[in-house]
Every structure is written in C-alpha cells, then in structure tokens.
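>>> Pasting a predicted model and its sequence here:
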Amino acid sequence: MTGSNRLLLGFGWPLVVIVALLVARARSRTSGTPAPRALAIPPQGRLDIGFLAILAVLAFAIPALGHIPIWLGLVLVVTFGIYLWRASKVEDDDEEEFVGGAALIVALPVRVRRTTVITLFVVSAALILAVAEPFAESMVSAGTSLGVDSYLLVQWLAPLASEAPEFIIAVMFALRGHGAAAIGTLIASKVNQWSLLVGSLPVAHLLGGGGTDLALDARQVEEFVLTATQTVMGVAIILALRFHWASALGLLAIFAAQFAVTDTAGRYWLSALQVVIATVLLVAHRRHILPTLRAPFARSRSGAQTDREREPSAA
C-alpha cells in the first residue's frame, strides 16, 4: 500500500505532467503560440482533489493509533462508495472522446455494453485472485534466496507490476495532448489508494482469521507517516488546479531522495520537509482550500459553473 501510493504520486504524477507539457511545448512551436508553463486541471477535478484532501487528513489517524481498526477500514470503504456516486453525478462541459477499446465498448448496445463491462470486471477479479498469492509467496521466497529484503520487494516490485498499466494509459493520454485526462486518471487512482485499498486491509485481515485491528510495527508506522505527508504535499500542489514544471520536478526529486534516506530519523526528517512544503503551498493557495473541501458535498453541477460561483475572479 505505501509503495504503490508513493510510486503513484512521486513518480506517476510528475511523469504525466512532464510528458504533457513537452507535448504542449512541441505543439506550440508548430502553431506559434506561447508554451504553457503548467498543466491545467479542469474545475470538475476539484471533486477528486476534495476527496483526496479529506482522505489525506484521515490517513494520519493510522500512525497516530498504531493500527488500522476495522471501523476506520469500513469508513474508508464507504467513503470510496460515496466518491464513486458523486463522481458519476458530475457534469462534464466537454464532450467525451473515446478511443481504442473504450470506443468499441461505448458503441455497443446498452445491454451488451453493461454485460461486457461486468464480464471484464469478473474475469479480471478472478485472474487477480488466482495469481495474487502465488506471486506474493514467490516474491518473498526469491528475496530470501537472493538476500534481498522481502519487505522492499513487496513494497516496490509488486506496485511496479500493478501500476504499470495505469501509468501506460496515463502517458498515452498525455502523448495525445490530453494532459488533464492523464493527471485526472492518476488523481482518481490516488483517491482509490487511500480509500478502498487502505480500507480493505483490516477487512481482509479479519476475514483471514485476524482480529478487528490490523496492528502496525514501528517500520510500518514510519512508512505511513512518510506516505501520508507526501499525500498532503501532493494535494497542496494541485489545490490551485495548476501543476507546474517546478512542482513536478520537486515531487520527483523528493521521491528519489527516499531511496537514499533509509534510516528512521532521516525518513521522519523527510516527512517533516514534505509537511513544510505543503504548509507553504497551502498558504499560497489558501483561497482554494474551502472551495476544494466543499466540492465533495456540493450539489452535482457543471464543474466550470461551480468554480465560477464559488471562487473570486482572478484579476
């Protein structure tokens, strides 16, 4: 969980932003227009950012408690369900463009389309269920044989395998000039990580014969603190619906630094650095805080209309 979370934000977000801005710069040279310095996130993106901000705050309860109680897991799972419902009600001002397999599915009759989508989900779930345990056990055994820390293999190798398809899709969006869709895909995935993924851990632990609380050791608490502070920093960066070059490179640099900083004290200092950066950005973007926190609870309207009503115009 901690590996996939940090990989998604620390590597995935900067990757699609850099690719999207490079594509935009190449197109600007052809058209003779100024190149954008930041990737713009559409106003309806406030819903995802608002949910992520709330989840980022809730995340600190886990290292504070030293365990993940079943009640918190259920709250997070329910939050994901509410997020899906709210996301389905958001009106998009732009006409949706479907390509590849998505375009083929959309073109199907309604009943066939729904059957196809449900079948895809069921088959995917069955395949994951079939290979998850053998994959995990083999990875731990390989780490033991090679003298590599199995914790690091589970934390980083498994997320690389699971997140790679999502990264590829997001990068494809960015290469096609749909940078907002690319970063929106990964922001939504981040909401998934902090709600459904974290919430399912104590539920799975209980179903597997454990207690109602999933206990964490000192190292896992440290990992949660580092991951939670990175999430707060990420929210602060995108709060103003702009993702700048400098922010993308900074995120990538801090993500890379954690591989060099391996001791506990160093990781807590790195967490403190992320909190300081987040605080500075939150102060700079303070007028965007309340509109973002209200977005998950607002009536379902066009994102652009909602933004115009809630935020003062920029002079």
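Structure's in. What do you need? Residues are numbered from 1 along each chain as shown.
>>> what residues does stretch 244-263 touch?
By CB atoms under 8 Å, 6 or more residues apart in numbering, the list of residues contacting stretch 244-263 from outside reads 6-7, 9-11, 13-14, 17-18, 21, 37-39, 226, 230, 233-234, 237, 267, 269-270, 273-274, 277. C-beta here means a position set from N, CA and C on the backbone, and glycine is covered the same way.
>>> again, but for stretch 265-274
Residues contacting stretch 265-274 (CB under 8 Å, 6+ apart): 222, 225-226, 229-230, 232-233, 254, 257-258, 261.
>>> mind giving me CSV with those and columns for secondary structure, distance to residue 179 and pLDDT?
As requested, the contacts of stretch 265-274 are exported to CSV (DSSP: H, G, I helix; E, B strand; the rest coil; distance: CB to CB, whole Å; pLDDT from 0 to 100):
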residue, secondary structure, distance to residue 179, pLDDT
222, helix, 34, 92
225, helix, 31, 94
226, helix, 28, 94
229, helix, 26, 95
230, helix, 22, 95
232, helix, 24, 95
233, helix, 21, 96
254, helix, 22, 94
257, helix, 26, 92
258, helix, 26, 88
261, coil, 31, 86
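>>> From those, pick the one nearest residue 163.
residue 230 (15.2 Å; CB to CB).
>>> which of the contacts of stretch 244-263 are buried?
Buried residues within the contacts of stretch 244-263, defined by neighbour count using 16 or more other CB atoms under 10 Å: 6-7, 9-11, 13-14, 17-18, 21, 38-39, 226, 230, 233-234, 237, 267, 270, 274, 277.
>>> Next, work out how far apart residue 155 and residue 219 are.
For residue 155, the distance to residue 219 equals 10 Å [CB to CB, to the nearest Å].
>>> residue ranges for the helices of the stretch 1-150 of the chain, please.
Secondary structure of the stretch 1-150 of the chain (DSSP state H, counting those that start in this stretch): helices located at 2-7, 13-31, 46-59, 61-65, 70-89, 100-106, 110-146, 150-152.
>>> you'd agree residue 285 is up against residue 239?
Yes - judged on CB atoms under 8 Å, residue 285 makes contact with residue 239 at a distance of 4.3 Å.
>>> Tell me the secondary structure of the nearest residue to residue 18 once chain neighbours are set aside, please.
Nearest non-adjacent residue to residue 18, counting by CB to CB, 6 or more residues apart in numbering: residue 248, 5.5 Å away. Under the three-state scheme (DSSP: H, G, I helix; E, B strand; the rest coil), the conformation of residue 248 reads as helix.
>>> Give me the phi and psi for residue 177.
phi 90, psi 10 (degrees, to the nearest 10).
>>> That one: what's it in contact with?
Counted by CB under 8 Å, 6+ apart, residue 177 has contacts 20, 23-24, 27.
>>> and the next element down the chain from the one helix or strand residue 268 maps to?
If you go by DSSP states H and E, residue 268 is part of helix 264-284. Downstream of helix 264-284, the first helix or strand assigned by DSSP H and E is helix 289-294.
>>> And that following helix, what's buried?
Of all the residues in helix 289-294, those buried under the rule 16+ other CB under 10 Å are 291-293.
>>> send the alpha carbons of it over as CSV?
C-alpha atoms of helix 289-294 as CSV (Å, rounded to 0.1, in the frame of the first residue of the first chain):
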residue,chain,number,x,y,z
ILE,A,289,-8.9,25.5,0.3
LEU,A,290,-12.6,26.0,1.1
PRO,A,291,-13.9,25.5,-2.5
THR,A,292,-12.0,22.3,-2.6
LEU,A,293,-13.2,20.9,0.7
ARG,A,294,-16.8,21.9,-0.2
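>>> Do I have it right that residue 157 meets residue 138?
No - with contacts counted by CB under 8 Å, residue 157 stays clear of residue 138, the gap being 10.9 Å.
>>> Look at these two and report which has more neighbours.
Using other CB atoms under 10 Å, the more surrounded residue of residue 157 and residue 138 is residue 157, with 17 against 11.
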